[in-house]
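A.B. asks: got a predicted structure here, sequence first:
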Amino acid sequence: MNKKRLIVLTGAGISAESGLKTFRDGDGLWMGYNVYEVASPHGWKKDPQLVLDFYNMRRKDVTAAKPNSAHIGLAELEKDFDVTIVTQNIDDLHERAGSTNVLHLHGEIFKMRSVENENRIYEIRGDINLGDKAEDGVQLRPHIVWFEEPVPMIEKAIALMNDCDLFVVVGTSLQVYPAASLLHYAPRHLPKYIIDKKIPAVENYPNLHLIEKPATEGVKELIEILIKYFFCT
């Protein structure tokens, strides 16, 4: 029997329970930094050292963090479902939890790339410093999609929506576009689940199920629902 295809969009809320800070409260600050100073082309041009220092710290934070039960629960769903994780997060907690098919919309903290060629991508576990250059002789920067930059992976994520059986949203405010637009691309007949400790404002989508709990509790409830619905009926 073919497994049902499950697409899961995850956001900062799932990693927050692993101790990684977010800026989703809307004050424009991330770890005390103005997000546009450290996460925009303007910020990079203004003070590249500040940007590198900021992401070097984020890399250390992610290294120290561990997957929580929500990450692990989504990974374990692969036993019964064909799961694709589409994440707004730049950490690798889904992979470390065991998920094997993860699409990072906003880049990855453990990768860096040439400032001038986004296809020259390299693994990085330590720090990126001014003067570190790619093979093309150009400064390296974090492989992160900053504000005002295109999101190259969004088209691939949208295409996935046309061929899935369930769509789940975990730990995102649905305020950051184009990632939030994936809900609009979910077919009307598709069962849709939103898990968040504070359910974001959503339109009256058909087949929409709301689980207003933190990611760890909500994913546990989701698993119970899916097992009952697909395997106990």
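C.D. replies: Cool, got the structure. Residues are numbered from 1 along each chain as shown.

A.B. asks: helices of the protein, start to end?
C.D. replies: Along the chain, counting by DSSP state H, helices occupy 12-16, 35-38, 41-46, 48-64, 69-76, 93-97, 154-161, 182-185, 215-231.

A.B. asks: out of the ones you listed, nearest to S173?
C.D. replies: helix 12-16 (7.9 Å; CB to CB). Glycine gets a C-beta too; all of them are placed from N, C-alpha and C.

A.B. asks: tell me the spacing between G126 and V115.
C.D. replies: Distance of G126 to V115, given as CB to CB, to the nearest Å: 19 Å.

A.B. asks: again with A179
C.D. replies: 24 Å.

A.B. asks: and G32, by the same measure?
C.D. replies: 26 Å.

A.B. asks: ok, Q88 next?
C.D. replies: In terms of CB to CB, Q88 sits 23 Å off from V115.

A.B. asks: more neighbours, those two?
C.D. replies: The neighbour comparison of Q88 against V115 (other CB atoms under 10 Å) goes to Q88, with 22 against 17.

A.B. asks: do I have it right that the more buried one meets P178?
C.D. replies: No - Q88 is beyond contact range of P178, at 10.4 Å (criterion: CB atoms under 8 Å).

A.B. asks: how many other residues sit next to the spatially closest residue to Y122 that is not a sequence neighbour?
C.D. replies: Nearest residue to Y122, sequence neighbours excluded (CB to CB, 6 or more residues apart in numbering): M112, at 5.4 Å. When neighbours are defined as other CB under 10 Å, M112 has 25 of them.

A.B. asks: could you do the one 5 residues further on as well?
C.D. replies: For N117, the count of nearby residues is 12 (other CB under 10 Å).

A.B. asks: that one: what's it in contact with?
C.D. replies: By CB atoms under 8 Å, 6 or more residues apart in numbering, N117 lies in contact with A134, D136, V138.

A.B. asks: might you report the residue contacts of the first one?
C.D. replies: Contact analysis of A134 by CB under 8 Å, 6+ apart lists R113, S114, V115, N117, R120, Y122, L140.

A.B. asks: farthest pair in those?
C.D. replies: V115 and Y122 (12.7 Å).

A.B. asks: find residues that contact each of the two.
C.D. replies: With CB under 8 Å, 6+ apart, V115 and Y122 have common neighbours A134, L140.

A.B. asks: okay, and the helix or strand of the chain with the least pLDDT?
C.D. replies: Lowest on mean pLDDT, DSSP states H and E among the helices and strands of the chain sits strand 29-30, with a mean of 60.

A.B. asks: nearest residue to I158 other than its sequence neighbours?
C.D. replies: Y185 (5.3 Å).

A.B. asks: gap between stretch 102-116 and the chain center?
C.D. replies: Remark: stretch 102-116 is offset 12 Å from the chain centroid, using CA atoms, centre = their mean, to the nearest Å.
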